[in-house]
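Novice: Okay, predicted coordinates and the sequence, questions at the end:
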Amino acid sequence: MNLLTTSGLSVTFGGLRAVNEVDLEVEQGKLVGLIGPNGAGKTTFIDAITGFVPTTGRIEFKDIEIGPLPVHKRARLGLGRTWQSLELFDDLTIEENVQVAAEKQTTGSFLLDLVRPGRRRDRDGVDFAFEVLGIGDLANKHPNEISQGQRKLVSAARALAARPDLVCMDEPAAGLDTSESQELGRRLRRIIDAGITIFLVDHDMGLVLDVCDYIYVIEFGVKIAEGTPDQVKRDPRVIEAYLGSSARDN
């Protein structure tokens, strides 16, 4: 079953079409990747799906047309995301950072916080995220006390704490060394095993080819290829986009 489907999805900034009529499907329970050279429109595509930029075309999530919906309503349907900029709260512990993302804010909970600011919080989402990613030992540390790779996992934990059906991950391996990237890949597969579908954007080709079930490739906002990792890495259009025409001809 397709959890997410886009049909003719486009994003235009002034006279520039950053995403140009892209058709894409994300099957439930799969890890689907989106790759492309710098400036291809990958982050803009995630922004489009999650509601941060105006779009044309059609976006369906769980068989619901979400194009007209604002960001918070898409999130409530079960569509989560991470960001390239981690923006962790340095004065909060890791557990508190994740708890913030786990809170489901309503008017009632806001009023309750005013009269009972120290009330007991629901920890189910936090415990779930810590267990899946194996970072429970970091709970009482602060962001400045952990490595960049661990900070990336905390960012992922914040997205998982809300228990989304689909999480869009934007460059989670950026700034990681090879061993950290490989460990991230293992954690991503654990997220899939826990029942959450992933849509992954990353420049780390080794990571994407290693962990993804299916991959889409865009260049200048246009989809140029799709397929399994083995199909994509052998596609001459992908080789040319990344390495140039001379690599294709050799």
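Specialist: Thanks, I have it. Numbering: from 1, shown residues only.
Novice: Do a quick rundown of the helices in the protein.
Specialist: 42-50, 71-77, 94-102, 107-115, 124-133, 148-160, 178-193, 205-211, 229-234, 236-243, 245-249 (DSSP state H).
Novice: Contact partners for the residue nearest to the spatial centre of the chain?
Specialist: Central residue of the chain (Cα atoms, centre = their mean): residue 169, 1.6 Å from the mean position. By Cβ atoms under 8 Å, 6 or more residues apart in numbering, residue 169 lies in contact with 81-82, 156, 159, 188, 198-202. For every residue, glycine as well, the C-beta is placed using N, CA and C.
Novice: Among these, which ones are in strands?
Specialist: Using DSSP state E, 81, 198-201 are the members of these that sit in strands.
Novice: want to throw the residues you listed into a markdown table with pLDDT, neighbour count and distance to residue 212?
Specialist: Formatted as a markdown table, the ones in strands among the contacts of residue 169 follow (pLDDT from 0 to 100; neighbours: other Cβ atoms under 10 Å; distance: Cβ to Cβ, whole Å):
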| residue | pLDDT | neighbour count | distance to residue 212 |
| --- | --- | --- | --- |
| 81 | 95 | 21 | 17 |
| 198 | 98 | 25 | 9 |
| 199 | 98 | 26 | 10 |
| 200 | 97 | 26 | 6 |
| 201 | 96 | 23 | 11 |
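Novice: So which of the residues you listed is the closest to residue 131?
Specialist: residue 198 (17.0 Å; Cβ to Cβ).
Novice: now the nearest residue to that closest one once chain neighbours are set aside: how far from residue 21?
Specialist: Excluding the flanking residues, the one nearest residue 198 by Cβ to Cβ, 6 or more residues apart in numbering is residue 31, at 4.7 Å. For residue 31, the distance to residue 21 equals 25 Å [Cβ to Cβ, to the nearest Å].
Novice: who's more crowded, these two?
Specialist: Taking other Cβ atoms under 10 Å, residue 31 and residue 21 do not tie; residue 31 has more neighbours (23 against 15).
Novice: pretty sure the more buried one is touching residue 193, no?
Specialist: No - Residue 31 lies out of contact with residue 193 (Cβ atoms under 8 Å); the separation is 10.4 Å.
Novice: now this protein, which segments are flagged as low pLDDT?
Specialist: Within the chain, the stretches with pLDDT under 70 are 103-122, 243-250.
Novice: okay, now residue 142: neighbour count?
Specialist: 16.
Novice: contacting residues around it?
Specialist: 90-94.
Novice: ok now do the residue lying closest to residue 80 once chain neighbours are set aside, which residues does it touch?
Specialist: Once flanking residues are discounted, residue 80 sits nearest to residue 164: 3.4 Å by Cβ to Cβ, 6+ apart. Shown in contact with residue 164 (Cβ under 8 Å, 6+ apart): 75, 78-80, 196.
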